[in-house]
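Peer 1: the following comprises the amino acid sequence and a computationally predicted model.
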Amino acid sequence: MNEIFMNVGFWVLGITAVVASLFMVTRENPVHSALWMLLTFFAVAGIFIQLDAEYIAAIQVMVYAGAILVLYMFVVMLLNPKSTGFIKVPAKVILGSVVALVLFLQFVMTLMGTGVIKSAQMSGMNLPEGLSNVKAFGAVMFTQYIVPFEVASILLLVAMIGAIVIAKKD
Amino acid sequence: MVLAIVFTLIKILIIVVCVLTGVAYMTYAERKVIGHMQVRLGPVHTGPMGLLQPLADGLKLMSKEDMTPDMVDKPVFYVAPFLGMVPGIAAFAVIPFAPNIVVADINVGVLYVLALSSVGVYGIIMSGWASNSKYATLGSLRSSAQIISYETAMGLSILGPVLLAGSLNLKEITEAQRGLWFFIPQFVAFVIYSISAVAETNRAPFDLPEAETELVAGFHVEYSGMRFAMFFLGEYANMYVVSSMCAILFLGGYTGPLLPPLVWFLIKMLAFMFFFLWLRATLPRLRFDQLMNLGWKVLIPIALANLLITSIVVYAIRN
């Protein structure tokens, strides 16, 4: 029973995420794109919850949907870009995409056959004994992955200083 | 399994009905309390002491004509009120009203509420943009800037109690306050939270997004009837959410002597709601640059310092 529930949930969320992201890249209006992106984020957060990664799901919504996308919307609204009208897709592009899609599917099928990648496991994470999700996350983040974590922090700091320098140029 | 689902649905239904009733009577309380503060009577004509006023208001809003201006972006214009209302009501899923009255007792309750409150801004941004009107756009731009700014301070101040309790679960945070309510050791965080909670819900003195005297009504100027009412429902539901969070994080949630837990929770929550009304009757609106300065140059640095000191103290005590 539970398994069926999980599978149905996964397909609903997965299809929502894929369809929403397709809409996101095909909309002419940037604000509509941003809204489809919002739906994508929510669907992905749902998948994270199914994988028992509730902390990541909450952070996904908070950071991507709550902060980054709001900033996009802000910029889009301030710049108010005019719609460029319907973009004609040349036949070459369509042909190229079909070929790429077929190649991609072959690639995936071959890899599935060799067992390098398996279908996603929906059974949840292996947590260390006696640690909740968030605590386990913190423990791993600040011991095993401390160097990448600090590097990422410095990268963000550099980007922030860069933005301030560019904005204050005159 | 099926029984569990039905039971959960019933619980959700009860809480939604209670929240909506609470919202309706909050509008009554607002008019009554501010009325008395300004030596007026407030609503008195509908029912005894005007108690049926919210009902009359609801009927009026429902029976009003639903107007859609010509130049709006229709799909976004229609979705926006829902996005404004749903996060406010959904946040009640994790609020522990009493030890056994909670719909979903999840481990990341604090983050869930923060995530939903950060999504709530979409209703405002989208309505402002879709309305295709100057006042609405200005209102929603102000609002998104304000909410992003104050969310940071609010998140940082919430981390103080979370560190003390050592958990993100709202029930565990409540239980950790059996001995001492967190607003005593975390007084700085409590003050920062109270200020940013008011700013986050766009209430006076931070109500720039809908500043009537300059922007007519701000982001919802083009909405009418029930769609307009949904923005109000969202705003008031959000007030209840931040009040509940304040009660849980700083005032010990449902803990307290003698009275049943639910009563204690409601007393604390409603006390904070009264604080909202009190502020509105007392303080003039801030200017926009003052608002930004307060958020970024005062609240966030103090919240960071408080977080640092709290972490050091908690680390010292635990080892």
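Peer 2: Nice, thanks for sending it over.
Peer 1: who touches residue 34 in this structure?
Peer 2: No chain in the question, so chain A it is. Contacts here follow Cβ atoms under 8 Å, 6 or more residues apart in numbering or on different chains; on that basis A:Ala34 touches A:Leu69, A:Tyr72, A:Met73, A:Val76. C-beta here means a position set from N, CA and C on the backbone, and glycine is covered the same way.
Peer 1: meant chain B, my bad for not saying
Peer 2: B:Gly42, B:Leu277, B:Arg280, B:Ala281.
Peer 1: give the contact list for the third one.
Peer 2: So that's B:Arg280. B:Arg280 sits next to B:Glu30, B:Ile34, B:Arg203, B:Ala204, B:Pro205 when contact means Cβ under 8 Å, 6+ apart.
Peer 1: if we go to 6 Å?
Peer 2: By Cβ atoms under 6 Å, 6 or more residues apart in numbering or on different chains, B:Arg280 lies in contact with B:Ala204.
Peer 1: list the buried residues for the helix or strand in which it is found?
Peer 2: Using DSSP states H and E, B:Arg280 falls within helix B:261-282. Residues B:261, B:264-266, B:268-270, B:272-273, B:276-277, B:279-280 are the ones in helix B:261-282 that count as buried (16 or more other Cβ atoms under 10 Å in any protein chain shown).
Peer 1: do stretch B:28-36 as well
Peer 2: Going by neighbour count (16+ other Cβ under 10 Å), the buried part of stretch B:28-36 is B:Tyr28, B:Ala29, B:Glu30, B:Arg31, B:Lys32, B:Val33, B:Ile34, B:Gly35.
Peer 1: does the fifth one count as helix, strand or coil?
Peer 2: When the structure is reduced to helix, strand and coil (DSSP: H, G, I helix; E, B strand; the rest coil), B:Lys32 reads as helix.
Peer 1: around chain B, pick out the residues from chain A.
Peer 2: By Cβ under 6 Å from any Cβ of the partner chain, the part of chain A that sits against chain B consists of A:1, A:31, A:54-55, A:58, A:61-62, A:65-66, A:70, A:73-74, A:77, A:132-134.
Peer 1: where does pLDDT dip in the stretch 51-200 of chain B?
Peer 2: Counting by pLDDT under 70, the stretch 51-200 of chain B contains no low-confidence range.
Peer 1: could you report the neighbour count for the closest residue to chain B within chain A?
Peer 2: Closest to chain B within chain A is A:Gly66: 2.7 Å, counting by Cβ to the nearest Cβ. A total of 25 residues lie near A:Gly66 under the criterion other Cβ atoms under 10 Å in any protein chain shown.
Peer 1: so it makes contact with B:Ser118?
Peer 2: Yes. With contact defined as Cβ atoms under 6 Å, A:Gly66 reaches B:Ser118; the gap is 2.7 Å.
Peer 1: how many other residues sit next to residue 113?
Peer 2: Looking at chain A here, since you left the chain open. By the measure other Cβ under 10 Å, the count of residues near A:Gly113 is 8.
Peer 1: oops, wrong one, chain B.
Peer 2: Quick note: B:Val113 (other Cβ under 10 Å) scores 26 neighbours.
Peer 1: what about the helices in chain B?
Peer 2: For chain B, applying DSSP state H gives helices covering B:2-37, B:53-63, B:74-90, B:109-119, B:121-131, B:134-165, B:170-175, B:187-200, B:212-215, B:225-249, B:261-282, B:288-293, B:300-318.
Peer 1: so what's the residue in the stretch 51-200 of chain B positioned nearest to chain A up against?
Peer 2: Distances between the stretch 51-200 of chain B and chain A by Cβ to the nearest Cβ are smallest at B:Ser118, namely 2.7 Å. Applying Cβ under 6 Å, 6+ apart to B:Ser118 gives the contacts A:Met62, A:Gly66, B:Glu151.
Peer 1: try it again at 8 Å.
Peer 2: B:Ser118 neighbours (Cβ under 8 Å, 6+ apart): A:Val61, A:Met62, A:Ala65, A:Gly66, A:Ala67, A:Val70, B:Ile147, B:Glu151.
Peer 1: wait, the second one sits on B:Leu116?
Peer 2: No. The pair formed by A:Met62 and B:Leu116 falls short of the contact definition of Cβ atoms under 8 Å, at 9.2 Å.
Peer 1: closest to B:Pro75 among the residues of chain A next to chain B?
Peer 2: Within these, proximity to B:Pro75 (Cβ to Cβ) peaks at A:Val31, which comes in at 10.6 Å.
Peer 1: per-residue pLDDT, that closest one?
Peer 2: If you check A:Val31, the pLDDT there is 80.
Peer 1: how far away is the residue of the stretch 51-200 of chain B closest to chain A from B:Leu208?
Peer 2: 19 Å (Cβ to Cβ, to the nearest Å).
Peer 1: for B:Ser244, what are its contacts?
Peer 2: Contacts of B:Ser244 (Cβ under 8 Å, 6+ apart): B:Phe92, B:Ile95, B:Phe265, B:Met269.
Peer 1: which one among those gets closest to B:Ser243?
Peer 2: B:Met269 (4.7 Å).
Peer 1: that closest one against B:Met245, yeah?
Peer 2: No. Using Cβ under 8 Å, B:Met269 is not in contact with B:Met245; the gap is 9.4 Å.
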